[in-house]
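Student: below: sequence and its predicted model.
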Amino acid sequence: MMGKVLRIEKTSIYDGEGMRTVVFLLGCPLQCKWCSTPESQNSACQNLYGKEMSAEEIVDEVSKDEIFFFHSNGGLTLSGGEILQQPDFCMEILKECRYRGISTAIETSFYGKYDYIQSLLPFLDELYLDIKVMDRKKHKSYTGVYNDLILDNILKLQKESWHGNIHIRIPCIPTVNMDEENIKDTALFCKDIPGLVDIELLPYHRLGLETYRKLNLEYALKDIKAPDAEELKTVAALLRKILPQTTIKIKGELYHP
Ligand code: SF4
């Protein structure tokens, strides 16, 4: 089975446990204004980037790193774009990794049919989910879609007998989602997530700016600066207040009050 791949990154330490080989898939139905891979949002741009690969080619490439996985408890992470755009392709990759004994994780916005999500769960160890903005209208204005489907999909996990780990990630973007109301709403929502291992804050960055320039796309958040350490700690403290038992991380590091 063939799929659209943006790139493969080796020895990442930010996309799951241990050292990961991260396979970025092309295509995303969202249009987040802060997106660092705008080439994923636009099908015309997708032709300029990435390539078609078979699931077998990908798993063969990932398998080359097994020695790193063994020593670090690492494995494969499928990321995007939005991986739920290519559910059958993802399943082939995850299934084959499982067969070869490679640990599996996905990073997803969870914006996709729940059937697709259900079909991936049996082959999955770790699930990394973004919660961007809780207010549905604000979510639509910053990402192009309402968040109802995403939140519904997360709550549906309560009915699954899947025993993998769930990690919530919040991209922290000043003036967009770091206000007290949004963080409180996010924390209260997270209370009901089964198997939640931790919540991680990911500071906004501008690493995709060069791609916007190359593609002649307008970058909507040009006046927003990355949050500083104190701002991130304020968000972490608020989460901790509402979720005292939950591990909070700031870009991979444990938050200590
Ligand atoms: S979900 Fe991720 S890949 Fe898709 S537009 Fe948003 S930031 Fe970009």
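Tutor: That came through fine.

Student: when you work out contacts or count neighbours from here on, use the C-alpha atoms and nothing else.
Tutor: Will do.

Student: now the residue in the stretch 51-200 of the chain that the ligand sits nearest to, what's its secondary structure?
Tutor: When distances are taken as C-alpha to the nearest ligand atom, the stretch 51-200 of the chain reaches nearest to the ligand at G81, 3.7 Å away. Assigned with DSSP: H, G, I helix; E, B strand; the rest coil, G81 falls in the coil class.

Student: count of residues packed around it?
Tutor: Neighbours of G81 under the rule other C-alpha atoms under 10 Å: 26.

Student: can you check F24 too?
Tutor: By other C-alpha under 10 Å, neighbour count at F24 equals 23.

Student: distance from the chain centre to the helix or strand that contains it, please.
Tutor: Assigned by DSSP states H and E, F24 belongs to strand 20-25. Remark: strand 20-25 is offset 11 Å from the chain centroid, using C-alpha atoms, centre = their mean, to the nearest Å.

Student: is the ligand contacted by it?
Tutor: No - Strand 20-25 is not in contact with the ligand by C-alpha under 6 Å from any ligand atom; minimum separation 9.2 Å.

Student: quick revisit: against T234, how distant is the residue of the stretch 51-200 of the chain closest to the ligand?
Tutor: Separation of G81 from T234 (C-alpha to C-alpha, to the nearest Å) stands at 29 Å.

Student: P227 too?
Tutor: 11 Å.

Student: thinking again about what came up before, quick check, the residue of the stretch 51-200 of the chain closest to the ligand in contact with L25.
Tutor: Yes - look at G81 against L25 with C-alpha atoms under 8 Å: they come within range, at 5.7 Å.

Student: ok, back up a step: list the contacts of the residue of the stretch 51-200 of the chain closest to the ligand.
Tutor: Shown in contact with G81 (C-alpha atoms under 8 Å, 6 or more residues apart in numbering): 24-28, 37, 40-41.

Student: which of those are buried?
Tutor: Buried by 16 or more other C-alpha atoms under 10 Å: 24-28, 37, 40-41, out of the contacts of G81.

Student: make TSV from those and add pLDDT and distance to T77 to it.
Tutor: Output for the buried ones among the contacts of G81, formatted as TSV (pLDDT from 0 to 100; distance: C-alpha to C-alpha, whole Å):
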residue	pLDDT	distance to T77
F24	94	9
L25	94	11
L26	92	14
G27	92	16
C28	94	17
T37	88	17
S40	83	17
Q41	81	20
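
Student: now H256, what are its backbone angles?
Tutor: phi -120, psi 120 (degrees, to the nearest 10).

Student: run a quick neighbour tally on it.
Tutor: By other C-alpha under 10 Å, 12 other residues sit near H256.

Student: any idea how far Q41 is from it?
Tutor: Taking C-alpha to C-alpha, one finds H256 at 37 Å from Q41.

Student: likewise P227?
Tutor: Going from P227 to Q41 by C-alpha to C-alpha gives 25 Å.

Student: in the stretch 1-150 of the chain, what spans have low per-residue confidence?
Tutor: Low-confidence segments of the stretch 1-150 of the chain, defined by pLDDT under 70: 43-44, 46.

Student: write out the residues of it neighbouring the ligand.
Tutor: 28, 30-32, 35, 37, 80-82, 109.

Student: of those residues, closest to P203?
Tutor: C35 (12.6 Å; C-alpha to C-alpha).

Student: next, name the residue at the spatial heart of the chain.
Tutor: Note on the chain: the residue nearest the mean C-alpha position is E107, at 3.4 Å, using C-alpha atoms, centre = their mean.
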